[in-house]
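Asks: sequence plus predicted model, see below.
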Amino acid sequence: MDRNYIYHESTTSICPKCLKVIPTKIVIKDEKVFLHKFCKEHGLQEELFEENVEYHLSKREFDKPGTPCKTQTITEKGCPFDCGLCPQHDQHTCIALIEVTNKCNLGCPTCYANSGKGEPLAVAKISEMLDFLVDSEGGESEILQISGGEPTVHPEIIEIIKTAREKKIKYIMLNTNGIRIAEDEEFVKELSQFKGKFEVYLQFDGFDKSTYTHLRGRDLLETKLKAIENLRKYEIPITLVTTLDKGYNDDQIGKIIEFGTETKGIRGINFQPVTYFGRLREINTKNRLTLSGVIKKIEEQAPDLFQKGDIIPLPCNVERVAVTYMVKSDKKKFVPITRKIKVKSYLPLIDNTFAFDADRILKEKSNEVFSGIGGCNCTNFIKDVKNIIPASFLLKSQEEKIKYIDENTFRISVTSFIDVYNFDMKSMQKECVHIITPDLKKIPFSAYNMFHRK
């Protein structure tokens, strides 16, 4: 009899028991994708990699060369133990995280960092880390997430944001559970001074109290809704970040999308399937949610907004991130731009970034098309872009541009981080979310949490 799988390709993975790098097959079985891992000491292990084989196979169509940046370490032990970044890493920093404090006002059972103890970083040290980040990216960084622990408990959090704003960083996010934002309106008023390329990245896991009890250790629904109310009052843009755990809140995806797209002030939603590191102790990798599984649930639960193919692999990291941007149509309904732009045709013109910069697309990318840069037949690029961004956009003031983007665009993304169970080497070396450490290194988020967090 034949084997019950198709051997698709080879990779290397990690044995979750001894943490050694081991040879691995990527196989297709029952319309899903699995890792078959071979450890000399602990034998054959099978782990779910993707729930939808069709999506997995389509990733390659969106892949493109990575963007180099400065490295800080040498290749010695081999990936993922030389972080970082070492010369083996293939992608620059799309999103940088600085954990300004390990202290937290929650004790989430799913916390990737097991936060709670330690002294907050001094503003001077954070400034040094920011300078390092900007230099490592060639003089300008894309997106900074100020994180923790819970960053709003840092006694100088306002000063930290001010310091970050003074650096050459395009966009700043404050990652928060929202407790202080819900309880301290004066603090929210202070945050409003940063409007313009600043937003709050708000932990929001759904609408059932039991969901919060499971994921966060206590009922926080009203706290989240009050935080949103306060942020809206002061017109501070919001991205909701939803941790998804199968059987607990994956049935609420459609309701969260409906809430986000219909609530003024919410700019986007990032869905993150539970990753098995940190404080999490309930591990069931055979029943885990994957990137393609979340996309399928989005299509099933929000059919009025999404069709198959609307959410695509993010070209800078096709392995672990999927995205779609939506714009309001003439009927004032959000429509995914992937229906209007054939992204695969324009890959050479797409930067390795998570940031949607309408100014840059209309100005610089138009120039690249006219000058022939990119090596693709992109003559329809400008026409397609102008179908979704009005030509009058460039004539608007900076304040008007910000208002237009806030009111007329919406982002849905899915990020599947890597743990010792679903680890594969390409995913690791393409990861573009990086922790900036006090000793001035850039370490991929997943590698940091698996091997380098103290």
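Replies: Okay, I see it.

Asks: so residue 74 sits against residue 84, correct?
Replies: No. Contact criterion C-beta atoms under 8 Å: residue 74 and residue 84 do not qualify, at 10.7 Å. Any C-beta I mention is one placed from the backbone N, CA and C, and that applies to glycine too.

Asks: domain boundaries for this protein, per the record?
Replies: According to automatic domain parsing, the chain comprises the domains 6-60, 73-330+410-452, 339-407.

Asks: dump those domains to CSV, plus mean neighbour count and distance to residue 66.
Replies: Output for these, formatted as CSV (neighbours: other C-beta atoms under 10 Å; distance: least, C-beta to C-beta, whole Å):
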stretch, mean neighbour count, distance to residue 66
domain 6-60, 17, 15
domain 73-330+410-452, 19, 4
domain 339-407, 15, 6
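
Asks: that's a helix at residue 297, yeah?
Replies: Yes. Counting by DSSP: H, G, I helix; E, B strand; the rest coil, residue 297 falls inside a helix.

Asks: for it, give me its contacts.
Replies: By C-beta atoms under 8 Å, 6 or more residues apart in numbering, the residues touching residue 297 are 250, 253.

Asks: where does it land on pLDDT?
Replies: pLDDT, residue 297: 97.

Asks: returning to what we had before: weakest of the domains of the chain by average pLDDT?
Replies: The weakest mean pLDDT among the domains of the chain belongs to domain 339-407, with a mean of 63.

Asks: can you give me the first-to-last residue distance of it?
Replies: 20 Å (C-alpha to C-alpha, to the nearest Å).

Asks: next one: stretch 27-36
Replies: Where stretch 27-36 begins and where it ends lie 7 Å apart, using C-alpha to C-alpha.

Asks: now the strands for the stretch 251-400 of the chain?
Replies: 266-273, 312-313, 321-328, 334-336 (DSSP state E, counting those that start in this stretch).

Asks: with distance to residue 409 as new columns, can those be given to me in JSON lines?
Replies: Below are these laid out as JSON lines (distance: least, C-beta to C-beta, whole Å):
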{"stretch": "strand 266-273", "distance to residue 409": "7"}
{"stretch": "strand 312-313", "distance to residue 409": "16"}
{"stretch": "strand 321-328", "distance to residue 409": "6"}
{"stretch": "strand 334-336", "distance to residue 409": "8"}
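
Asks: ok, which of the ones you listed comes nearest residue 170?
Replies: Residue 170 lies closest to strand 266-273 among the strands of the stretch 251-400 of the chain, at 15.2 Å (C-beta to C-beta).

Asks: confirm that residue 411 sits in a helix.
Replies: No. Applying three-state DSSP, one finds residue 411 to be strand, outside a helix.

Asks: contacting residues around it?
Replies: 239, 267-269, 323-326, 356.

Asks: one more: residue 84?
Replies: Residue 84 neighbours (C-beta under 8 Å, 6+ apart): 71-73, 434, 441-444, 447.

Asks: leaving out the residues flanking it, which one is nearest to residue 447?
Replies: Nearest non-adjacent residue to residue 447, counting by C-beta to C-beta, 6 or more residues apart in numbering: residue 80, 4.4 Å away.

Asks: next: residue 248.
Replies: With C-beta to C-beta, 6+ apart as the criterion, residue 248 has its nearest non-adjacent residue at 5.2 Å, and that residue is residue 214.

Asks: quick check: that neighbour touching residue 246?
Replies: No. Judged on C-beta under 8 Å, residue 214 makes no contact with residue 246 at a distance of 11.6 Å.

Asks: quick one, helices of the stretch 201-350 of the chain?
Replies: Ranges of helices in the stretch 201-350 of the chain, per DSSP state H, counting those that start in this stretch, are 209-216, 221-233, 253-262, 291-301.
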